[in-house]
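> have a look at this prediction, sequence included:
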Amino acid sequence: MSELRIFRDDKPGVRERTLTDGSKIADALAAEGILFERWKADVELAPSDSQDKVLAAYAKPIDKLKRAKGYVTADVVRMVPDAPNRVEARQKFLKEHQHAEDEVRFFVEGIGSFYLHLGPRVYQVVCERNDLISVPDNTKHWFDMGPAPRFTAIRLFSNPDGWVAKFTGETIAESFPPFGE
Ligand SMILES: [Fe+2]
């Protein structure tokens with residue numbers, strides 16, 4: 001289930017709040033300038049479906065999002081628990097970083113966890129199927145897919161060139177509870 005867990009950034013062992021209701025999660029994140037919406041991921045995908053097939057299956061909501069929010073391109077990230085690159089893929093965004101472009105994800109299968117470092121707090125957003133999240137540019141964050149990752153997320157971009165991770169060099173991510181362990 002989608003969940004928002006709020007911590008102080010200097011007290012990773014103490015959860016201040018936990019929200020599981022979709023609209024309450026959306027409200028709490030909106031107060032911080034983060035877009036979180038529930039869309040409908042109602043297509044059953046086959047494990048062998050290609051990126052193009054996933055994009056075709058969700059062409060309608062993708063077009064709607066592009067028109068509504070100005071995204072120009074979309075692609076697909078798909079991870080399965082026995083993927084040979086799962087350790088490397090998990091490590092890639094596990095340290096605190098920022099992008100010059102919004103990080104927009106529509107989860108159409110599975111689950112994964114963002115950690116957003118917002119002022120003195122860390123908002124852990126466990127996203128799952130149906131969730132759309134947009135992490136604004138320059139927001140400090142990290143993403144944990146867990147040791148046995150299973151998710152399919154459609155990524156939307158307004159400027160794909162801007163989507164390069166700039167690491168902050170901080171070790172904060174290591175002190176927070178990892179996802180899925
Ligand atoms: Fe990121």
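Perfect, I can see it now. Numbers count the residues shown, from 1 in each chain.
> what comes up buried for the helix or strand where residue 88 lies?
Using DSSP states H and E, residue 88 sits in helix 86-92. Under the neighbour-count criterion of 16 or more other CB atoms under 10 Å, helix 86-92 has 86, 90 buried. Yep, even glycine has a C-beta here, placed from its N, CA and C like the rest.
> residues contacting it, please?
By CB atoms under 8 Å, 6 or more residues apart in numbering, the residues outside helix 86-92 that reach it are 79, 83, 144-149, 165.
> which helix or strand lies directly C-terminal to it?
That would be, after helix 86-92 and using DSSP H and E, strand 97-98.
> from the contact counts, what lies against the helix ranked longest in the chain?
The residue-count maximum for a helix in the chain (DSSP state H) belongs to helix 59-69. Contact analysis of helix 59-69 by 3 or more CB pairs under 8 Å, 6 or more residues apart in numbering; DSSP states H and E lists strand 103-118, strand 150-157 as its packing neighbours.
> angle of it against strand 103-118?
60 degrees (axes from the mean of the first three to the mean of the last three CA atoms, to 10 degrees).
> surely residue 26 touches residue 34?
No: contact criterion CB atoms under 8 Å: residue 26 and residue 34 do not qualify, at 9.1 Å.
> name the nearest residue to residue 43, sequence neighbours excluded.
The spatial neighbour of residue 43 that comes closest, neighbours along the chain excluded (CB to CB, 6 or more residues apart in numbering), is residue 57 at 4.3 Å.
> tally of neighbours for that neighbour?
18 (other CB atoms under 10 Å).
> swap in the one 10 residues further on?
Counted with other CB under 10 Å, the neighbours of residue 67 add up to 9.
> distance-wise, check it relative to residue 152.
Going from residue 67 to residue 152 by CB to CB, to the nearest Å gives 22 Å.
> now swap in residue 118 and tell me
27 Å.
> equivalent analysis for residue 19, please.
From residue 19 over to residue 152 (counting by CB to CB), the distance is 24 Å.
> so what pLDDT did residue 77 get?
Model confidence at residue 77, given as pLDDT, is 96.
> all good on my end, thank you.
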